[in-house]
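>>> Requesting a structural model of the entry that follows:
(2 chains)
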Amino acid sequence: MSQITVEQLWKAYGDRSVLERINLEVASGSFVTLVGASGCGKTTFLRLLLGQEAPTRGRLLLDGAPLPAEPGPDRGIVFQRYSVYPHLSVLENVVLGLEFRAARWLGRLRGPARRQAFEAGEAMLAQVGLEAVRDAAPTALSGGMQQRLAIAQALILKPRILLLDEPFGALDPGIRADMHGLIRKLWHETRMTVFMVTHDISEAFALGSRILTFDKVRRDPHAPEAYGATVTYDLQGRHRLPLAEEAPPCAAA
Amino acid sequence: MATARRFINRRPQRGSGLLLAAAPFVALILLYLIGSDMRLSANPGDKLLPAPSSFVEAISALALQADPRSGNYLFWTDTAASLLRLGLGVAIAALLGLVFGLAIGLFPYAGALLDPLMAVLSMIPPLAILPILFILFGLGELAKVVLIVIGIAPFLIRDVAFRARELPEELLIKAQTLGASSWQILLRVAGPMILPRLIGGIRLALGPAWLFLIAGEAIAATEGLGYRIFLVRRFLAMDVILPYVAWITLLAFLMDLALARWSRARFAWAAGR
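Numbering: from 1, shown residues only, chains lettered A, B, ... in the order given. Predicted coordinates:
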């Protein structure tokens, strides 16, 4: 199980509020897409889930227990850029998580354990369609293939939650459609909970079982940074469930 | 009429590029030969700009004939002594740079503790504390190696620390989501990614390293390239000094070239960045 509970979450940097009053229950196995204008706090929300940032107020619970305050193997992440290690081969990139788990001091496996891990790595690569380039350097791969690799790398430890920070934002539309197919297939197979930040509304609706939009509902013209954004729409499939009154967009996208 | 292209868009072709590169060297050599010839025709005993034949004589005496007093081939014992000191000094400084630089760059506590210290230490002119080194470590090999280490280690440490902080945060976070401990991140992610940068830093530090080596040898040594240069200075022996300088330059150039080649072969992934 990997159910996420968000209770009265606030996040501020000094006087600048980014997120406020966020309350959510996300069922295990949901595919949650987060949309909103630039600067509306959706990436901040993802960072809070990741443990890269700590909430100013409120709580984040994973199956009823507070989320650890730093990133860990229960939450996998795929960033838009810098997602894979340039000094390792494709296969080494995927196996890295297994090596970290099994070889505490050297971070590097030997002998039969190594062979076993690399076999698991090859199976993972086959799932994302990269088995043919296992010995290549990641820098030699196209952007789409690099993101496939980043996804395989994150999934090999079977995280309970997969976080995607605009993972396909830099890809061509055709490649993007392939990636949508891949991520949907992996989500069906693993039944893990997925959070994905995207700029692309159609992508959010194409993939999400639940779509959250972030926006500011309160604004003070004299102190534009006094109030943060919150979840303004919480949509299932294509059915709208407004949570708050219509608000003007919080920043020019 | 076709307008001529701007100068920033005009590039030499391969052949003319080589020609351009060689031109200043040829000009300098010609200038020397003319000057030497003029002085020697006025005064055959002139020592300031010796003829090329004197270089050959002086160096073959040092390199091909054993010194009657010690039985050593001085040119080669000088070279070996200097390279050993330089190699030791640079190797120790590189190790310090890697260990302390990574610690400072990666661990905020180590940075808070050592960053200001390094900023101050790197401002001490190493030659100003050379007397202290000779007092502390005596006139032997140790003081000269320590001078090189003190001269370039702070630079290497700070360079590695800056580079470590420039590593994309995404890669460090990703490693944590793959379950890596701090130590594992150091060993498998930050360390390997920093190595090509360290080699770049060493290449930049080679110049200062030679400077400190020659300075140390000039003051207290019994052999070494710098020692020889400063020894024969008393006799205005330009026929030894100039070839020695050329030899030092060649050695430094080859070291730089070797490091660059090795880095490109070993860390091909870093070449495109």
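
>>> Please state the backbone phi and psi of the spatially most central residue of chain A?
Centroid check for chain A by CA atoms, centre = their mean gives residue A:163 as the closest residue, at 1.7 Å. Here is the backbone geometry of residue A:163 (degrees, to the nearest 10): phi -110, psi 130.

>>> Distance-wise, check it relative to residue A:183.
Noted for residue A:163: a distance of 12 Å to residue A:183, by CB to CB, to the nearest Å. The way it works is simple: take the backbone N, C-alpha and C, and place the C-beta from them, glycine included.

>>> how about the CA coordinates for stretch A:140-148, as CSV?
Extracted C-alpha coordinates of stretch A:140-148, given in CSV (Å, rounded to 0.1, in the frame of the first residue of the first chain):
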residue,chain,number,x,y,z
ALA,A,140,25.0,9.1,-26.6
LEU,A,141,21.3,8.5,-26.2
SER,A,142,18.5,10.7,-27.4
GLY,A,143,16.4,12.7,-24.9
GLY,A,144,13.6,10.2,-25.0
MET,A,145,15.9,7.3,-24.5
GLN,A,146,17.6,9.1,-21.6
GLN,A,147,14.2,9.5,-19.9
ARG,A,148,13.4,5.8,-20.5
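
>>> Pull the distance from it to the chain's centre.
With CA atoms, centre = their mean, to the nearest Å as the basis, stretch A:140-148 stands 18 Å off its chain's centre.

>>> hmm, who's touching it?
A:78, A:83-84, A:90, A:128-130, A:133, A:138, A:149, A:167-168, A:170-172, A:175-176, A:178-179, A:182 (CB atoms under 8 Å, 6 or more residues apart in numbering or on different chains).

>>> Now with 10 Å, please.
Stretch A:140-148 is contacted from outside by A:78-84, A:86, A:90, A:93, A:125, A:127-130, A:133, A:136, A:138-139, A:149, A:164, A:167-172, A:174-176, A:178-179, A:182-183, B:269, B:272, using CB atoms under 10 Å, 6 or more residues apart in numbering or on different chains.

>>> and if you look at stretch B:265-273?
A:85-89, A:137-140, B:192-193, B:195-197, B:199-200, B:263-264.

>>> If we go by neighbour counts, what in that stretch is buried?
For stretch B:265-273, a neighbour-count test (16 or more other CB atoms under 10 Å in any protein chain shown) marks B:267, B:269-270 as buried.

>>> residue contacts, residue 207?
No chain was given, so I picked chain A. A:31-33, A:164, A:168, A:179-180, A:183-184, A:187, A:194, A:196, A:198, A:200.

>>> hmm, I had chain B in mind actually
With CB under 10 Å, 6+ apart, residue B:207 has these contacts: B:152, B:252, B:256.

>>> now those residues as a markdown table including neighbour count?
Formatted as a markdown table, those follow (neighbours: other CB atoms under 10 Å in any protein chain shown):
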| residue | neighbour count |
| --- | --- |
| B:152 | 30 |
| B:252 | 15 |
| B:256 | 15 |
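
>>> what sits in contact with each of residue A:163 and residue A:183?
A:78, A:194, A:196.

>>> element containing the second one, please.
Under the criterion DSSP states H and E, the helix or strand holding residue A:194 is strand A:193-197.

>>> Give me the sheet partners of that strand and which way each runs.
Strand A:193-197 pairs in its sheet with strand A:31-36 (parallel), strand A:161-165 (parallel), by DSSP bridges.

>>> My read is that residue B:99 contacts residue B:161, right?
No. The criterion here is CB atoms under 10 Å, and residue B:99 misses it with residue B:161 at 11.0 Å.

>>> can you give me the helices for the stretch 151-273 of chain B?
B:169-177, B:182-185, B:191-219, B:225-232, B:238-266 (DSSP state H, counting those that start in this stretch).

>>> Mind putting these into CSV with mean pLDDT?
What follows is these, written out as CSV (pLDDT from 0 to 100):
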stretch, mean pLDDT
helix B:169-177, 95
helix B:182-185, 95
helix B:191-219, 94
helix B:225-232, 93
helix B:238-266, 94
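
>>> Mind putting those helices into CSV with distance to residue A:108?
Below are those laid out as CSV (distance: least, CB to CB, whole Å):
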stretch, distance to residue A:108
helix B:169-177, 14
helix B:182-185, 9
helix B:191-219, 11
helix B:225-232, 42
helix B:238-266, 18
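
>>> so which of those helices gets nearest residue B:17?
Nearest to residue B:17 among these is helix B:238-266 (18.4 Å), distances taken as CB to CB.

>>> Could you pull up phi and psi at residue A:214?
phi -110, psi 130.

>>> What does the pLDDT read for it?
As predicted, residue A:214 sits at a pLDDT of 89.

>>> tell me the contacts of it?
Residue A:214 touches A:18-19, A:22, A:34-37, A:39-45, A:197, A:228-233, A:250, counting by CB under 10 Å, 6+ apart.

>>> so which helix or strand takes in the residue lying farthest from the centre of chain A?
Distance from the C-alpha centroid of chain A, by CA atoms, centre = their mean, peaks at residue A:222 (34.6 Å). Secondary structure from DSSP H and E places residue A:222 outside every helix and strand.

>>> List phi and psi for it.
phi -80, psi -20.

>>> And it, how far from residue A:27?
Counting by CB to CB, the separation of residue A:222 from residue A:27 is 41 Å.

>>> does residue A:9 have beta-bridge partners, and which?
Judged by DSSP bridges, the bridge partners of residue A:9 are residue A:22.

>>> Quick check: mean pLDDT of the helix or strand where residue A:230 lies?
Secondary structure from DSSP H and E places residue A:230 in strand A:229-236. Per-residue pLDDT over strand A:229-236 has a mean of 83.

>>> Can you mark which positions in that strand are buried?
A:229-235.
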